[in-house]
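Chemist: could you work out the structure for the sequence below:
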Amino acid sequence: MAKRTVKEQLQAFGLSKLLGMIRTEPDKNLMKLLEWVDRLDMGDTLLSQRTVIRNILEDESNPWNQFIKEMWSSVDDDVRVTFFENFIVYAGVIGNARLVKSREEHGCNVPWAILMDPTSACNLGCTGCWAAEYGDQMSMSFEELDSIIEQGKELGTYMYIYSGGEPLVRKKDIIRLCEKHSECMFLAFTNGTLIDEAFADEMLRVKNFAPAISIEGFEEATDARRGAGTYQKVIRAMEILRERKLIYGASLCYTSENTDVIASDAFMDHLIELGNKFAWYFTYMPVGVGSPTELIATAPQREQMYTKIREWRETKPIFTMDFWNDGEYVQGCIAGGRIYMHINAGGDYEPCAFIHYSDSNIRENTLLQALQSPLFMAYMEGQPFNENHLRPCPLLDNQGALADLVHKSGAHSTDLTAPENVDDLCAKCKQAADNWQIAADRLWKDNEAKRWKKMNQGAQPVREKQKTSVGR
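Modeler: Okay, here's the model as predicted:
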């Protein structure tokens, strides 16, 4: 079990005390909380994040300022405090300090978040999803999942995300892990159809679990890809969660067929009305032998999402993310353990949920050994795969880069039904990569001055002016 140092215990105590204070006086104490984080982040490893949050808190007209304060009316008090504590205290201050130390000590990437599949089983069969072909042939035991989390905490990882298959096939084990690792934050990408009143009550009890519910657009688009009746089940799941004042969000895959819908203001407003606190966008990837390439979003559609998400961040009270197009904010590819990694239901350590190649397995290798394996080290050495961070991905954005990594490391395909030759996979993405390069290079050049000005604005340490306000 990961043990906290005396310093970590003192940090947790002080921040937890402040979190208790903001239960009833958020306007007064949120800035005090941020000042404590300033004080504890002595190496300025969280400087950019602190700067963004400070700008939000100081601007009452900012929609995210309104969004943060709205958390006091729409989210259960204990759930909100647990959410902030696990993100700020553990995944933020304590976890980040451990991550920096682990990376220096072991000479490899160490992830802020670990994505793992409790099972390959799924109750749906969505078009273009590899899990639809896997059935229930693979799963990790509770003990294996628990061991991954224990190893991760030792290295500094306090954020765990479930995918699949459908992770809520393993509801009981997910809740047990939430109970045992109460200082961690857990999220699941789920189709939402297995969320019922009983499970929502368990979420309310453990307080550290949030679902990201997959939705393809309005009813017609969702049911077309996920099956008749799925949309209404998703809406009902969100109603159940909202009634209990829980935190939840939407997971959206934009394709050549649905981009216009899920990039519309009408749909985003719909998500907000349904009570979603975040919206996580992914672009379709043709992973798996026989996967339909015609669903790949076109370059204009991907640029459309790039533009809309940045617009929404200025106008909509919801936290939005784009797994590909936000590469400019995290300096490129986040996979391979740089910020996150994936472990599939068969126990294979994979660099990314969309990269089904591996050279190590949980039944033979520790988490640290996997991060030091040839495949993960090749990722670390290759990142960023492009100086234009709007082209972060070694598969979709940089033709042939993934094939080079796989061949160099000797990794093998982990696809259960039909192992996919990496050269064939890259070939499927070539046209999309070539087309996006033209658009991405133009966007990168056009926005360079604006981007750097915004990213560096206020990026000077603020400790001196804050000493008196935090009692130093």
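
Chemist: give me the residues contacting stretch 425-437.
Modeler: Contacts with stretch 425-437, where a contact means C-beta atoms under 8 Å, 6 or more residues apart in numbering, come from 285-287, 291, 293, 296-299, 302, 391, 395-400, 402-403. All C-beta atoms are positioned from the backbone trio N, CA, C, and that covers glycine.

Chemist: buried sites along that stretch?
Modeler: Buried residues in stretch 425-437, counted by 16 or more other C-beta atoms under 10 Å: Leu425, Cys426, Lys428, Cys429, Ala432, Ala433, Trp436, Gln437.

Chemist: so which of the residues you listed belong to strands?
Modeler: Among the buried residues of stretch 425-437, none falls in strands (DSSP state E).

Chemist: among these, which lie within helices?
Modeler: Mapping these onto helices (DSSP state H) picks out Leu425, Cys426, Lys428, Cys429, Ala432, Ala433, Trp436, Gln437.

Chemist: pull out the buried positions in stretch 228-247.
Modeler: For stretch 228-247, by 16+ other C-beta under 10 Å, it's Thr230, Tyr231, Lys233, Val234, Ile235, Ala237, Met238, Ile240, Leu241, Lys245, Leu246, Ile247.

Chemist: so how far is that stretch off the chain centroid?
Modeler: Centroid displacement of stretch 228-247 relative to its chain, using C-alpha atoms, centre = their mean, to the nearest Å, is 21 Å.

Chemist: quick check: mean pLDDT of it?
Modeler: Per-region confidence: stretch 228-247 scores 93 on mean pLDDT.

Chemist: look up how far Ile334 lies from Met377.
Modeler: 16 Å (C-beta to C-beta, to the nearest Å).

Chemist: now Gln399. Nearest residue, chain neighbours left out?
Modeler: Ala433 (4.6 Å; C-beta to C-beta, 6 or more residues apart in numbering).

Chemist: give me the pLDDT for that neighbour.
Modeler: So, for Ala433, pLDDT stands at 96.

Chemist: thinking again about what came up before, quick check, nearest of the buried residues of stretch 425-437 to Gly156?
Modeler: Lowest distance from Gly156 to the buried residues of stretch 425-437 (C-beta to C-beta) belongs to Leu425, with 32.2 Å.

Chemist: shouldn't Gly410 be in contact with Asp359?
Modeler: Yes - Gly410 is within contact range of Asp359, at 6.2 Å (criterion: C-beta atoms under 8 Å).

Chemist: joint contacts of the two?
Modeler: Pro374.

Chemist: of these two, who's got more company?
Modeler: Neighbour count, other C-beta atoms under 10 Å: between Gly410 and Asp359, Asp359 has more, with 20 against 11.

Chemist: ok, the more buried one - contacts?
Modeler: Ser373, Pro374, Leu375, Ser409, Gly410, Ala411, His412.

Chemist: how close does it get to Leu405?
Modeler: 11 Å.

Chemist: check Gln399 too.
Modeler: Taking C-beta to C-beta, one finds Gln399 at 13 Å from Leu405.

Chemist: the two: who's more crowded?
Modeler: Leu405 (25 against 18).

Chemist: not counting sequence-adjacent ones, nearest residue to the more buried one?
Modeler: Counting by C-beta to C-beta, 6+ apart, the residue nearest Leu405 is Ala378, at 4.7 Å.

Chemist: got it, and Gly95?
Modeler: Nearest to Gly95 is Tyr158, by C-beta to C-beta, 6+ apart, at 4.3 Å.

Chemist: returning to that earlier point: which of Met377 and Ile334 has more residues huddled nearby?
Modeler: Ile334 (22 against 18).

Chemist: thinking again about what came up before, next, format the ones in helices among the buried residues of stretch 425-437 as a markdown table and append distance to Lys207.
Modeler: Output for those, formatted as a markdown table (distance: C-beta to C-beta, whole Å):
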| residue | distance to Lys207 |
| --- | --- |
| Leu425 | 40 |
| Cys426 | 43 |
| Lys428 | 42 |
| Cys429 | 41 |
| Ala432 | 41 |
| Ala433 | 42 |
| Trp436 | 41 |
| Gln437 | 45 |
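
Chemist: right, and the pair among those with maximum separation?
Modeler: Leu425 and Gln437 (18.2 Å).

Chemist: surely Cys253 is in contact with Trp280?
Modeler: No - with contacts counted by C-beta under 8 Å, Cys253 stays clear of Trp280, the gap being 9.8 Å.

Chemist: could you pull out the strands for the stretch 201-350 of the chain?
Modeler: Remark: strands assigned in the stretch 201-350 of the chain by DSSP state E, counting those that start in this stretch are 209-214, 249-254, 278-283, 319-322, 340-343, 349-350.

Chemist: okay, those in CSV with distance to Arg363 and mean neighbour count next?
Modeler: Shown next, in CSV, are the strands of the stretch 201-350 of the chain (distance: least, C-beta to C-beta, whole Å; neighbours: other C-beta atoms under 10 Å):
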stretch, distance to Arg363, mean neighbour count
strand 209-214, 26, 25
strand 249-254, 29, 24
strand 278-283, 29, 21
strand 319-322, 33, 19
strand 340-343, 11, 25
strand 349-350, 11, 27
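
Chemist: so for Val79, which of those strands sits nearest?
Modeler: Per C-beta to C-beta, nearest to Val79 of the strands of the stretch 201-350 of the chain: strand 209-214, 8.9 Å.

Chemist: which of the buried residues of stretch 228-247 fall in helices?
Modeler: Short answer: these in helices (DSSP H) are Thr230, Tyr231, Lys233, Val234, Ile235, Ala237, Met238, Ile240, Leu241.

Chemist: could you find the closest non-adjacent residue to the fifth one?
Modeler: This points to Ile235. Per C-beta to C-beta, 6+ apart, closest to Ile235 is Leu274, 7.0 Å.

Chemist: give me the number of residues near the one you found?
Modeler: By other C-beta under 10 Å, the burial measure for Leu274, its neighbour count, is 18.
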